[in-house]
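K.L.:
structure of the sequence below:
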Amino acid sequence: MDEPGPRTTLLGKEIADQPAAWRRAIALGIDAPDALAAPGRLALIGCGSSWHAAKAIAALREARGIGEADAFAASEAPLTRDYDRIVAISRSGTTTEVRQALAALAGRVPVTAIVGDPDSPIAAAADEVIDLSFADDQSVVQSRFVTTVACLARAALGEDVAALPDAAAAALAAPLPVDPAELDRAVFLATGPHVGLADAAALMLRETAQMWAESYPAMEYRHGPISTAGPGAAVWFLSPPPEGLAAEVAATGATAVDAPGDPLPELIRVQRLALAIAEARGLDPDNPPHLTRAVVLASEEAR
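P.N.:
Next up is the predicted model:
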């Protein structure tokens, strides 16, 4: 009989593949088209975890002084503004809202697509394609794809990311910072380019473990949401906590968790926690309720 756990779930196998995927992404990011690192005004669009990756990339690009960048949920993207390039992020390459946004551009702005399927409609609509098919998650929930996009972007934007694959391997082996059995809710806090990663972490717990999870820029947590902290809650800092905030969290009885290093490998521990909670609750982590691997509206399928 197979043992339960990551080795027998599709999601678990994809979580475990991240060190290898990141190595390939780093090499690709160094040689990839210069869409992410080129000067000018950039808009990044995506849905779900891909949108959260877009937020992290836009903030990092501006933090490095490369150029102005905005990140939008594809359904809300005001692409009538003047942009020099659009970057569309989509694991499946079929998401309705991204396809509609690109169709509305009508060729006015060059488009780069970062996709898990280079033969997809979104790839076909783009002027250039960054192929991440080696990180194309087959599970409903994104794990490997979203972190690999972030790793690729960091390499393309000139960060020294050589140590990230080894850090990912360490995160696969590290103990979980909280006992899944004692946790009933979680909040992820970050600053700067890491806020998008906090959003992706919270979504991972909601989707996979059906758990109450939120995310905020770190100091925004003090403006109301800290009132929900207490025993059974984990408040997970993906960036160094602002002065005094960790102590305030601890005073509520919640468990404060500090990322030991780079926040991107820390997402792997979040993914492992989500998987452990799902399995403990008897959930199917590969097929969460009410979700599909790609959101394609019926009208789009008919077309």
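K.L.:
skipping its backbone neighbours, what lies nearest R81 in space?
P.N.:
Counting by CB to CB, 6 or more residues apart in numbering, R81 lies nearest to A43, which is 7.4 Å off, once chain neighbours are set aside. Quick note: C-beta positions are derived from backbone N, CA and C, even for glycine.
K.L.:
what about the one you found, neighbour count?
P.N.:
A43 is flanked by 24 other residues according to other CB atoms under 10 Å.
K.L.:
mean confidence for the host helix or strand of it?
P.N.:
Using DSSP states H and E, A43 sits in strand 42-46. Across strand 42-46, pLDDT averages out at 97.
K.L.:
which elements pack onto the next helix-or-strand element following that strand?
P.N.:
As assigned by DSSP H and E, the chain's next helix or strand after strand 42-46 is helix 49-63. With contacts taken as 3 or more CB pairs under 8 Å, 6 or more residues apart in numbering; DSSP states H and E, helix 49-63 sits against strand 42-46, strand 69-73, strand 85-90, helix 144-156, helix 195-209.
K.L.:
and the lengthiest helix in the chain, what's buried?
P.N.:
Counting by DSSP state H, the longest helix found in the chain is helix 263-280. With burial defined by 16 or more other CB atoms under 10 Å, the residues of helix 263-280 counted as buried are 263-279.
K.L.:
got it, and stretch 12-31?
P.N.:
12-26, 28-29.
K.L.:
coming back round to it: the helices and strands packed on helix 49-63 into JSON lines, with extra columns for distance to A170?
P.N.:
Compiled in JSON lines, these are given as follows (distance: least, CB to CB, whole Å):
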{"stretch": "strand 42-46", "distance to A170": "28"}
{"stretch": "strand 69-73", "distance to A170": "29"}
{"stretch": "strand 85-90", "distance to A170": "27"}
{"stretch": "helix 144-156", "distance to A170": "14"}
{"stretch": "helix 195-209", "distance to A170": "17"}
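K.L.:
of the ones you listed, which is nearest A124?
P.N.:
Nearest of these to A124, taken as CB to CB: strand 85-90 at 11.7 Å.
K.L.:
mind listing what N287 touches?
P.N.:
Residues near N287 by CB atoms under 8 Å, 6 or more residues apart in numbering: V140.
K.L.:
you'd agree it is in a strand?
P.N.:
No. Counting by DSSP: H, G, I helix; E, B strand; the rest coil, N287 is not part of a strand but coil.
K.L.:
low-scoring stretches of the protein, by residue?
P.N.:
Across the chain, the ranges flagged by pLDDT under 70 are 1-7, 291-303.
K.L.:
who does the one helix or strand A171 maps to touch, helix- and strand-wise?
P.N.:
A171 is part of helix 164-173, with elements assigned from DSSP H and E. In this structure, helix 164-173 makes packing contacts with helix 18-31, helix 144-156, helix 263-280, judged by 3+ CB pairs under 8 Å, 6+ apart.
K.L.:
for T208, find the nearest of those.
P.N.:
helix 263-280 (3.9 Å).
K.L.:
give the buried residues for the helix holding A171.
P.N.:
By neighbour count on 16+ other CB under 10 Å, the buried set for helix 164-173 is 164-165, 167-172.
K.L.:
in contact with the residue nearest to R81, which residues?
P.N.:
69-72, 77, 79, 81, 83, 85-87.
K.L.:
ok so, going back, could you dump the strand holding A43 to PDB, C-alpha only?
P.N.:
Provided in PDB are the C-alpha atoms of strand 42-46 (Å, rounded to 0.1, in the frame of the first residue of the first chain):
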ATOM      1  CA  LEU A  42       5.200  47.900 -18.300                       C
ATOM      2  CA  ALA A  43       1.900  46.300 -17.300                       C
ATOM      3  CA  LEU A  44       1.700  42.800 -16.100                       C
ATOM      4  CA  ILE A  45      -1.600  40.900 -16.000                       C
ATOM      5  CA  GLY A  46      -2.700  37.500 -14.700                       C
END
